[in-house]
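1. prediction below, plus the sequence it came from.
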Amino acid sequence: MNPEHQESTTSGHEGQAMAIAGDPSLTLSAKKLAGSAECLNCGTDLRGPFCYFCGQPDRNFMRFFPALLRDMLEDLLDLDSRFMRTLKPLLFKPGRLTRDYMSGRRFRYVPPMRLYIFSSIVFFLLAAFLSSGALSIAGIENDVGIIQVSTDSTDKELENLEETLNNLPPEAKDRIDVDQIMTESKGEHSDEPIFDTNEISFNDKPWDRETNPVDIQWLPDWINDRINDEIEGSPQKAEQINENPNLAVDKVFDILPAAMFVLLPVVALIFKFWYLFAKRYYVEHLIYALHNHSFLFVSMTLMLLADLAKELLSSYGYSMAASGAQWLIVAIGIWLPVYMLISLRVVFQQGWLLTVGKFTVIGISYITLLTLVTSGVAIASFILL
């Protein structure tokens, strides 16, 4: 090894040591370093744990597999300081994340797109899980106590429940509705169909494929034909939904996350239109929409968890704690519109009167757009059954 290369190697290791000693929170641990003098990707001399030219970390993956697996899980699951620094302003400081990001203070926070994807995945997974009935628990309170009922009870559990109810003292049986408890425990529903297509009409007349089909003049013929095909086949789909309502719910949750993601650029266009003279780039409005939607998803996730906690606490008789969970839901519901209004004021820095006016028209535009998207998702979920 020539003296120049040796000096370069020594300086590279010294640079890594100085970087680690200087600020350990911003560097990799010594155990994860490969100890190379040059970047293994582009050959640039290293002055720390990362290559300043291509960004590749000087990290050795040729190690004992359990140790490597542990490091990979740490990287995947670790909630680092950036996440905690992001969560506080996201929930309690309207517009702060967007203002900091636009001002160049970005490294301290989770990137907007990653924040949106993570928060939306958590919300939709939780909402789908709760809507599936996997945690459907009902508590029927009476003078005897709390009788817990699960709509997913097995036959053996139902037999035990019925036997327990029949063995109650006469004075206790008079104070509860045994039939109601057994109906809810079996998940029984009325015979009335959830979805009925027998009264579909067009032009104020009963729909008929031959005599009175759907014929919307401004739509192409193939779309009108597809609509009539769906109406013709809707009784069979309606029967499937009546037998298993979760079919439609599952299909909605398959489509809704993608629809909300596609909706983001349109929402950014709405902000761009109403702030046309604010001299803001489109990407700034998109970042603002990402942050606000992330706040919505996190808030709605907290509301779902609070509602679940309220039901569970009520079923076990903790009425005070259940009341606290209910007040938390109310507080989040009040904070949502207040947060959106303040965030508009903070990010775009216009007067309160003008901000309130734009908040109103943007809110109406957004709700209208969301209604159209939701209706489209419902129709698409029915078509794709």
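-> Perfect, I can see it now. Residues are numbered from 1 along each chain as shown.

2. wait, residue 119 touches residue 297, no?
-> Yes. At 3.9 Å, residue 119 counts as touching residue 297 under the criterion of Cβ atoms under 8 Å. For glycine as for every other residue, the C-beta is placed from the backbone atoms N, C-alpha and C.

3. dump the residue contacts of residue 302.
-> Going by Cβ atoms under 8 Å, 6 or more residues apart in numbering, residue 302 touches 328, 332.

4. change it to 10 Å
-> Residue 302 is in contact with 91, 123, 328-329, 332, counting by Cβ atoms under 10 Å, 6 or more residues apart in numbering.

5. report the buried residues of the helix or strand harbouring it.
-> Taking DSSP states H and E as the criterion, residue 302 maps to helix 282-315. Of all the residues in helix 282-315, those buried under the rule 16 or more other Cβ atoms under 10 Å are 284-301, 303-304, 306, 308-315.

6. compute the inter-axis angle for the helix or strand where residue 338 lies and helix 282-315.
-> Following DSSP H and E, one finds residue 338 within helix 319-348. Our comparison of helix 319-348 with helix 282-315, counting by axes from the mean of the first three to the mean of the last three Cα atoms, to 10 degrees, yields an angle of 170 degrees.

7. sorry, back to before: give me the buried entries from the contacts of residue 302.
-> 123, 328-329, 332.

8. farthest-separated two in the residues you listed?
-> 123 and 328 (16.7 Å; Cβ to Cβ).

9. next, count neighbours for the closest residue to residue 345 other than its chain neighbours.
-> Counting by Cβ to Cβ, 6 or more residues apart in numbering, residue 355 is the residue found nearest to residue 345 once chain neighbours are left out, at 4.7 Å. A total of 19 residues lie near residue 355 under the criterion other Cβ atoms under 10 Å.

10. need the contact list for residue 355.
-> Going by Cβ under 10 Å, 6+ apart, residue 355 touches 341-349.

11. what mean pLDDT would you report for the helix or strand harbouring it?
-> Per DSSP H and E: residue 355 is located in helix 352-383. Confidence over helix 352-383 (mean pLDDT, whole number) is 86.

12. list the buried ones in that helix?
-> Quick answer for helix 352-383 (16+ other Cβ under 10 Å): 355, 358-359, 362, 365-366, 373, 377, 380-382.

13. distance to residue 214 for these - can I get that in a markdown table?
-> Below are the buried residues of helix 352-383 laid out as a markdown table (distance: Cβ to Cβ, whole Å):
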| residue | distance to residue 214 |
| --- | --- |
| 355 | 44 |
| 358 | 39 |
| 359 | 39 |
| 362 | 34 |
| 365 | 29 |
| 366 | 30 |
| 373 | 22 |
| 377 | 20 |
| 380 | 17 |
| 381 | 19 |
| 382 | 15 |
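
14. closest to residue 105 out of the residues you listed?
-> Closest to residue 105, out of all of these and judged by Cβ to Cβ, is residue 355, at 23.4 Å.

15. how close does that closest one sit to residue 39?
-> 49 Å (Cβ to Cβ, to the nearest Å).

16. cool, residue 220 as well?
-> Residue 220 is 57 Å from residue 39, where distance means Cβ to Cβ.

17. tell me the domain boundaries of the chain?
-> 3-77, 152-186, 245-383 (automatic domain parsing).

18. list the contacts of the nearest residue to residue 89 once chain neighbours are set aside.
-> In this structure, residue 89 finds its nearest non-sequential neighbour in residue 96, 4.0 Å apart by Cβ to Cβ, 6+ apart. Residue 96 makes contact with 88-90, 109, 291, 342-343, 346-347, according to Cβ under 10 Å, 6+ apart.

19. show me how to select, in ChimeraX, the buried members of the contacts of residue 355.
-> To isolate the buried ones among those in ChimeraX, judged by 16+ other Cβ under 10 Å, type:
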select :341,342,343,344,345,347,348
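
20. possible to save the contacts of residue 355 as JSON lines with distance to residue 58?
-> What follows is these, written out as JSON lines (distance: Cβ to Cβ, whole Å):
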{"residue": "341", "distance to residue 58": "48"}
{"residue": "342", "distance to residue 58": "44"}
{"residue": "343", "distance to residue 58": "41"}
{"residue": "344", "distance to residue 58": "45"}
{"residue": "345", "distance to residue 58": "46"}
{"residue": "346", "distance to residue 58": "40"}
{"residue": "347", "distance to residue 58": "39"}
{"residue": "348", "distance to residue 58": "43"}
{"residue": "349", "distance to residue 58": "43"}
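
21. relative to residue 368, how far out is residue 361?
-> Distance, residue 361 to residue 368, using Cβ to Cβ: 11 Å.

22. confirm residue 91 sits in a strand?
-> No. Per DSSP: H, G, I helix; E, B strand; the rest coil, residue 91 lies outside any strand segment and is helix.

23. list the buried residues for stretch 50-63?
-> Counting neighbours by 16+ other Cβ under 10 Å, stretch 50-63 gives 50-51, 57-58 as buried.

24. wait, residue 213 touches residue 227, no?
-> Yes. Using Cβ atoms under 10 Å, residue 213 makes contact with residue 227 at a distance of 8.6 Å.

25. for the two, work out which one has more neighbours and name it.
-> The neighbour comparison of residue 213 against residue 227 (other Cβ under 10 Å) goes to residue 227, with 18 against 15.

26. tell me which helix or strand comes right after whichever helix or strand that one is part of.
-> If you go by DSSP H and E, residue 227 is part of helix 221-243. As assigned by DSSP H and E, the chain's next helix or strand after helix 221-243 is helix 246-274.
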